[in-house]
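# Sequence below, structure please.
(one chain, ligands or ions: 1)
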Amino acid sequence: MLSLTKLYSGYASTPVLRNITLSLAAGEIIAIVGRNGAGKTTLLKTIMGLLPVQAGKIMLDGKDITLLPAHQRVNCGFGYVPQGHQVFPTLSVREHLLIGQHSKVARTRQIEWLFDLFPMLYEKQNDRADQLSGGQQQQLAIACALISNPRILLLDEPLNGIQLSLLPKLVETLKQVNQNFCTAIILVEQDLDLVLALTQQTYILVKGELVDRFDTKSIQLNNTLLHKYLSL
Ligand SMILES: Nc1ncnc2c1ncn2[C@@H]1O[C@H](COP(=O)(O)OP(=O)(O)OP(=O)(O)O)[C@@H](O)[C@H]1O
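Coordinates of the predicted model:
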């Protein structure tokens with residue numbers, strides 16, 4: 001479904017990603033792991049069209065989308081949850097979801113569907129986002145990405161700054177979305193518990209290059225690997 005071929009990307013003065021080749025099938029869930037500064041966020045931003053590709057290709061369903069701007073990628077089925085549970089502080093929960101629902105994206109979901117998936121958002125639908133806890137804001141950010149009914153969900157460290165007790169709920173919700181709608185997920189995460197609970201394949205990013213790929217189940221027992229690439 002999605003393939004990156006020999007991709008180079010980065011910032012004006014800082015090349016970051018080098019020679020990235022990766023493919024993702026419909027409904028597949030993969031993790032990208034690596035130390036701080038390895039380029040994980042840069043990779044998600046490049047896939048989302050928020051950073052220009054310097055060389056290489058991004059294909060979706062056989063169509064070249066390398067130059068497609070970010071807002072059109074949403075229409076193609078990408079949903080993006082950036083790092084740091086980014087929400088609009090003064091808007092209510094319901095207003096967040098209404099903005100997504102009234103966007104020009106063709107495949108928007110009903111807000112009630114999201115309330116079923118995240119009952120907390122139903123209870124707090126009239127609260128302002130800045131009245132929510134970090135974990136609740138993160139659930140709102142994920143719900144906002146899901147409202148466009150994405151085929152590929154890009155998640156940047158969703159556990160960062162939230163209580164670990166939320167992990168089982170987050171895993172259950174994401175698995176439900178994956179199984180019911182065949183939504184593929186690319187997860188960038190430093191927390192190995194989430195990687196192990198959710199993903200099938202794990203790619204290792206080192207200094208902007210993908211150096212290896214493993215069945216996620218196999219990495220738990222591989223102390224050498226964890227120590228070498230993840231400082232664990
Ligand atoms: N806006 C920017 N301008 C220039 N360089 C940047 C910018 N943002 C990030 N970088 C650099 O790009 C490199 C990769 O950063 P990136 O945020 O993609 O890494 P990461 O693996 O996501 O790290 P972390 O786990 O800390 O979030 C780093 O060297 C970083 O300093």
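# How about the backbone phi and psi for residue 124?
phi -110, psi 20 (degrees, to the nearest 10).
# Contacts only, for it.
When the contact criterion is CB atoms under 8 Å, 6 or more residues apart in numbering, the partners of residue 124 are 93, 131, 132, 136. Where you see a C-beta, it was placed from the backbone N, CA and C, and this is true even at glycine.
# Grab the nearest non-local neighbour of the first one.
To tie it back to what came earlier, the one meant is residue 93. In space, residue 93 comes closest to residue 125 once its chain neighbours are excluded; the distance is 4.7 Å by CB to CB, 6 or more residues apart in numbering.
# so that neighbour sits right up against residue 115, yeah?
Yes. Distance between residue 125 and residue 115: 7.4 Å, which falls inside the contact criterion (CB atoms under 8 Å).
# Just want to know which of the two has more residues nearby.
For residue 125 versus residue 115, neighbours defined as other CB atoms under 10 Å are more numerous around residue 115 (18 against 15).
# Which helix or strand contains the residue nearest to residue 93?
Using DSSP states H and E, residue 125 is not contained in any helix or strand.
# Now do stretch 156-173: everything it contacts.
Residues external to stretch 156-173 that are found in contact with it (CB under 8 Å, 6+ apart): 40-41, 44, 80-85, 117-118, 133-135, 138-139, 142, 187-191, 193-194, 197-198.
# got the CA coordinates for it in CSV?
Written as CSV, here are the backbone C-alpha positions of stretch 156-173 (Å, rounded to 0.1, in the frame of the first residue of the first chain):
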residue,chain,number,x,y,z
ASP,A,156,4.7,10.1,17.2
GLU,A,157,5.5,8.9,20.8
PRO,A,158,1.9,8.8,22.0
LEU,A,159,3.0,7.7,25.5
ASN,A,160,5.3,10.6,26.0
GLY,A,161,4.3,12.6,29.1
ILE,A,162,1.3,10.5,30.0
GLN,A,163,0.7,8.0,32.7
LEU,A,164,1.8,4.4,32.0
SER,A,165,-1.5,3.2,33.4
LEU,A,166,-3.1,4.4,30.2
LEU,A,167,-1.1,2.0,28.1
PRO,A,168,-3.6,-0.9,28.1
LYS,A,169,-6.5,1.4,27.1
LEU,A,170,-4.4,2.9,24.4
VAL,A,171,-3.4,-0.5,23.0
GLU,A,172,-7.0,-1.8,23.1
THR,A,173,-8.3,1.3,21.3
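# Let me see the mean pLDDT of it.
Stretch 156-173 comes out with an average pLDDT of 83.
# Give me the contact status of it with the ligand.
No. Residues of stretch 156-173 contacting the ligand under CB under 6 Å from any ligand atom: none, with a closest distance of 6.6 Å.
# List the buried residues for that stretch?
Of the residues in stretch 156-173, those scored as buried under the neighbour-count criterion (16 or more other CB atoms under 10 Å) are 156, 157, 158, 159, 162, 166, 167, 170, 173.
# Check stretch 184-203 too.
Within stretch 184-203, judged by 16+ other CB under 10 Å, the buried ones are 184-192, 194-195, 197-199, 201-203.
# What of stretch 10-23?
In stretch 10-23, counting by 16+ other CB under 10 Å, buried: 10, 16, 17, 18, 20, 22.
# So for residue 125 and residue 115, which residues contact both of them?
Taking CB under 8 Å, 6+ apart as the contact definition, residue 125 and residue 115 share no neighbouring residue.
# how much space between the closest residue to residue 212 other than its chain neighbours and residue 186?
On the basis of CB to CB, 6+ apart, the spatially nearest residue to residue 212 that is not a chain neighbour turns out to be residue 204, at 4.5 Å. Using CB to CB, to the nearest Å, one obtains 14 Å as the distance from residue 204 to residue 186.
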